[in-house]
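Curious how this folds, go ahead:
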Amino acid sequence: MMLCTLVMGMLDNNCYLLADEDGTAVVIDPTMHADRIQKEIDSHGWHLGAILLTHAHFDHVGAADRLAANGAPIYLDPADVAILPEMSHGKLTSPTVPYPDELTVGKLRFTVLRTPGHSPGSVCLLTDGLLFTGDTLFCGSCGRTDFVGGDPEAMLRSLRMLSDLDFEGRVLPGHDGETTLARERAENPYMRMARRGV
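Numbers count the residues shown, from 1 in each chain. A predicted model of the protein is given here:
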């Protein structure tokens, strides 16, 4: 498994490329600059098998339409599709596929964790030693809940669920640097609040 991180846009979004040993790749949260993302894929000799969106906010989906033109499906939770125009500001217009509980792309296998709060359809993606948390969990913080579809109580439930995971690998958020669940349990005030049941 090979991982590449591209930091792009005014909000310094993390766009992740993950590929199996046969070169089948997924892109997680293609924020913008489809040409740059495709160039990175091509430079490794990879083939884009799917586009995985942790949620539908405009800064996470801007390159999805153009990348999907080559035939890769776009996965998005239906709860975000329901308010897609407000969330994506018109940047995502292609059809999307609902996430199953378990998703396989090539030899990559993901467990899809539904983590509403930042948006109603936010998901985290768990694979071998990696947890992609989108805007649900950041290093020392969590996603805002004052946007359309945000829900503070749902966010606390989602953070509690993540806190309870038996996972010791790398946590890769939608913005800022990577972290671990152990660190967040100890230091993140929002996760600590969620663990207290407040």
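
Can you tell me, leaving aside adjacent residues, what's nearest to the residue most central in space within the chain?
Residue closest to the average C-alpha location in the chain (C-alpha atoms, centre = their mean): T54, at 3.2 Å. Leaving aside its chain neighbours, T54 sits nearest to G134 (2.7 Å; criterion: C-beta to C-beta, 6 or more residues apart in numbering). Yep, even glycine has a C-beta here, placed from its N, CA and C like the rest.

Same question for F132.
Using C-beta to C-beta, 6+ apart, the closest residue to F132 is L125 (4.3 Å).

so where does the one you found fall, helix or strand?
strand 123-127 (DSSP states H and E).

Pull the residues that contact the helix or strand just after that strand.
Per DSSP H and E, the first helix or strand lying C-terminal to strand 123-127 is strand 130-134. Under the criterion C-beta atoms under 8 Å, 6 or more residues apart in numbering, residues 3, 16, 18, 28-29, 52, 54-55, 60, 115, 118, 122-126, 143, 162, 165, 167, 169-174, 181 lie in contact with strand 130-134.

Narrow these to those in strands?
3, 16, 18, 28, 52, 123-126, 170-173 (DSSP state E).

The residue nearest to L126 when sequence neighbours are not counted in helix, strand or coil?
Excluding its sequence neighbours, the residue lying closest to L126 (C-beta to C-beta, 6+ apart) is T111, at 4.3 Å. State at T111, reduced to three classes by DSSP: H, G, I helix; E, B strand; the rest coil: strand.

In contact with R183, which residues?
Applying C-beta under 8 Å, 6+ apart, the residues near R183 are C139.

Could you confirm it falls within a helix?
Yes. Under three-state DSSP, R183 falls within a helix.

on that earlier part again, now for the strand holding L125, which elements pack on it?
strand 108-114, strand 130-134 (3 or more C-beta pairs under 8 Å, 6 or more residues apart in numbering; DSSP states H and E).
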